[in-house]
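> turn this into a model:
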Amino acid sequence: MAADYHVHIENGPYTIEWLKKFIDSGLSKGLVEIGISEHGHRFKEGYSAYKSDDFRGEWIKSYMDQSISNYVELIKEAKAMGLPVKLGIEADYFPGKEKELKEFLEPYPWDYVIGSVHWIEDWGIDLEESIEEWKRRDIDEVYLEYFNIIEKMAKTGLFDIIGHIDLVKIFGFMAKPYTFDKINRNIEEISKTGIVIEVSTAGLRKPVGEIYPSKEIMGMIKKYNIPIVVNSDAHNPYDVARDFDKAYAYVKSYGINTLYYFEGRKKLPYNI
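Below is the predicted model of the structure:
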């Protein structure tokens, strides 16, 4: 029994036919359900929570071309048909935008909300077009700023799952080992919130070539007994549950055998 709660269907139409390709792929790999978690930056209703007067604002405008009601209604229709699907969203967190984000998310019947940090102010840390900025920055300082934002995000209470918690390593720019002594304090604070951390196989498909989170962060997750889920961050049907065998072996190597289902923003444990 297993689930994959980080799946994006945005590369196709919002139709049952397209959605079923993802569901069928997941079921064929042994999942019992999948959760769709479209990017909040796709939806016009979220503009106030994402907007900026600089590069981020222009980037967001180029993607914000959908209505969230069409997405929500599709998943509700699929549920009514008995398809094993959950309604989620991956929402970006920007410090100071908590009110706007809450107003954006509140009207909809989410099963879970993934919180992610893809931006440090107007710098898209995972965007290839912004990779030169990495070469101008102090890598250790970037990591510390990033994890401070992750901690703030966890403490808002707006999110159920932290997505790809060390996305900051995506291009292979690595912090020095002593930096993780400070990051440990962030993870300890996160552990007090009850939020779930995602173990994501997406990192295996990125330049860094390894699972999110790193061994350093996984050790902290174990140390502070933080609940986890295993997700794929699939953007196409064949990536649903991709490399889950590697992810399960990874988390079990830390003595972790429990994952969680989500329904109505409540988590329910199951063993792997």
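> where is the longest helix in this protein?
helix 139-155 (DSSP state H).
> the residue nearest to the spatial centre of the chain - nearest residue in space that isn't next to it in sequence?
With distances taken as Cα atoms, centre = their mean, residue 163 lies nearest the centre of the chain, 2.6 Å away. Nearest residue to residue 163, sequence neighbours excluded (Cβ to Cβ, 6 or more residues apart in numbering): residue 116, at 3.8 Å. Placement of C-beta: from N, CA and C, glycine included.
> from residue 170, how far out is the one you found?
As judged by Cβ to Cβ, to the nearest Å, residue 116 and residue 170 stand 12 Å apart.
> who has more neighbours out of the two?
residue 116 (25 against 21; other Cβ atoms under 10 Å).
> contacts only, for the more buried one.
90, 91, 92, 93, 162, 163, 164, 167 (Cβ atoms under 8 Å, 6 or more residues apart in numbering).
> same check on residue 143?
168, 175, 179, 183 are the contacts of residue 143 under Cβ under 8 Å, 6+ apart.
> now swap in residue 246 and tell me
Counting by Cβ under 8 Å, 6+ apart, residue 246 has contacts 201, 204, 211.
> look up phi and psi at it.
phi -70, psi -40 (degrees, to the nearest 10).
> now swap in the one 10 residues further on and tell me
Note on residue 256: its backbone torsions stand at phi -100, psi 120 [degrees, to the nearest 10].
> counting neighbours, what do you get for it?
20.
> and it, how far is that from residue 219?
11 Å.
> touching, the residue nearest to the centre of the chain and residue 90? I think so.
Yes: counting by Cβ atoms under 8 Å, residue 163 touches residue 90, with 5.8 Å between them.
> which SS class is residue 115?
Classification of residue 115 by DSSP: H, G, I helix; E, B strand; the rest coil places it in strand.
> now do the strands in the protein.
3-7, 33-39, 85-92, 112-116, 119-120, 123-124, 161-162, 196-200, 228-231, 258-263, 266-271 (DSSP state E).
> if we look at the last one, which residues are touching it?
If you take Cβ under 8 Å, 6+ apart as the criterion, strand 266-271 is touched by 1, 2, 112, 160, 196, 227, 257, 258, 259, 260, 261, 262.
> which among those residues end up buried?
Neighbour counting over the contacts of strand 266-271 (16 or more other Cβ atoms under 10 Å) leaves 2, 112, 160, 196, 227, 259, 260, 261, 262 as the buried ones.
> can you pull the contacts of the fifth one?
The reference is to residue 227. 194, 196, 197, 258, 260, 267.
> end to end on stretch 194-210, go ahead and measure it.
Chord length of stretch 194-210, first to last residue, is 26 Å (Cα to Cα, to the nearest Å).
> contacting residues around it?
With Cβ under 8 Å, 6+ apart, stretch 194-210 has contacts from 5-6, 114-115, 154, 159-165, 169-172, 190, 211-213, 218, 221, 226-233, 239, 242-244, 246-247, 250-251, 260, 267.
> do that again at 6 Å, thanks
154, 161-165, 169-172, 211-212, 221, 226-233, 242-243, 247, 251 (Cβ atoms under 6 Å, 6 or more residues apart in numbering).
> do you have the helices of the stretch 151-272 of the chain handy? List them.
179-191, 215-223, 244-252 (DSSP state H, counting those that start in this stretch).
> make TSV from those and add distance to residue 19 and mean pLDDT to it.
Below are those laid out as TSV (distance: least, Cβ to Cβ, whole Å; pLDDT from 0 to 100):
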stretch	distance to residue 19	mean pLDDT
helix 179-191	32	98
helix 215-223	32	98
helix 244-252	20	97
